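A.B. asks: Quick check, what structure comes out for this input:
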Amino acid sequence: MPFTNRPNGKLTNEEKVKMFQRMGSIAAVLALVLIVLIETGLVGERREMADMGLTAMIVVLAVSLVGSIFFKR
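C.D. replies: Numbers count the residues shown, from 1 in each chain. The predicted structure follows:
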């Protein structure tokens, strides 16, 4: 399913900012869930995998912040 219904498929800057903000908010929720799982100890023996997932979510948050700032200009 495409993000836009435009015939040329190009996004406006406002749509790009909205896309990066959505990506950042989803990554923040996933990071919060991973933090809660790690701190409560519910991940058990898969703690290393949860740590890698948390690191990935932090990278996604950084990319979404940079992207939304870049396209706001």
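A.B. asks: how far away is residue 33 from residue 50?
C.D. replies: 10 Å (C-beta to C-beta, to the nearest Å). In short, each C-beta sits where N, CA and C put it, glycine included.
A.B. asks: of the two, who's got more company?
C.D. replies: Between residue 33 and residue 50, counting by other C-beta atoms under 10 Å, residue 50 is the more crowded of the two (17 against 14).
A.B. asks: Could you say which helix or strand holds the more buried one?
C.D. replies: If you go by DSSP states H and E, residue 50 is part of helix 47-72.
A.B. asks: List the residues that contact residue 63.
C.D. replies: Residue 63 is in contact with residue 23, counting by C-beta atoms under 8 Å, 6 or more residues apart in numbering.
A.B. asks: So for it, what's the pLDDT?
C.D. replies: Residue 63 carries a pLDDT value of 95.
A.B. asks: likewise the one 5 residues further on?
C.D. replies: On the pLDDT scale, residue 68 is placed at 91.
A.B. asks: Please go through the chain and pick out the longest helix.
C.D. replies: helix 13-40 (DSSP state H).
A.B. asks: Give the rounded mean pLDDT of it.
C.D. replies: Taken as a whole, helix 13-40 has a mean pLDDT of 93.
A.B. asks: just the angle between it and helix 47-72, please?
C.D. replies: 160 degrees (axes from the mean of the first three to the mean of the last three C-alpha atoms, to 10 degrees).
A.B. asks: re the thing from before, now do the buried residues in the helix holding residue 50.
C.D. replies: 50, 53-54, 57, 60-61, 64, 67-68, 71 (16 or more other C-beta atoms under 10 Å).
A.B. asks: Spatially central residue in this protein, please.
C.D. replies: residue 27 (3.2 Å; C-alpha atoms, centre = their mean).
A.B. asks: Count the residues that sit near residue 44.
C.D. replies: Neighbours of residue 44 (other C-beta under 10 Å): 8.
A.B. asks: Just the pLDDT for it.
C.D. replies: Listed pLDDT for residue 44 reads 91.
A.B. asks: measure it to residue 51 for me?
C.D. replies: Distance, residue 44 to residue 51, by C-beta to C-beta: 13 Å.
A.B. asks: For the residue nearest to residue 50 when sequence neighbours are not counted, list the residues it contacts.
C.D. replies: Distances taken as C-beta to C-beta, 6 or more residues apart in numbering put residue 43 closest to residue 50, at 4.5 Å, once the chain neighbours are dropped. Neighbouring residues of residue 43 by C-beta under 8 Å, 6+ apart: 37, 49-50.
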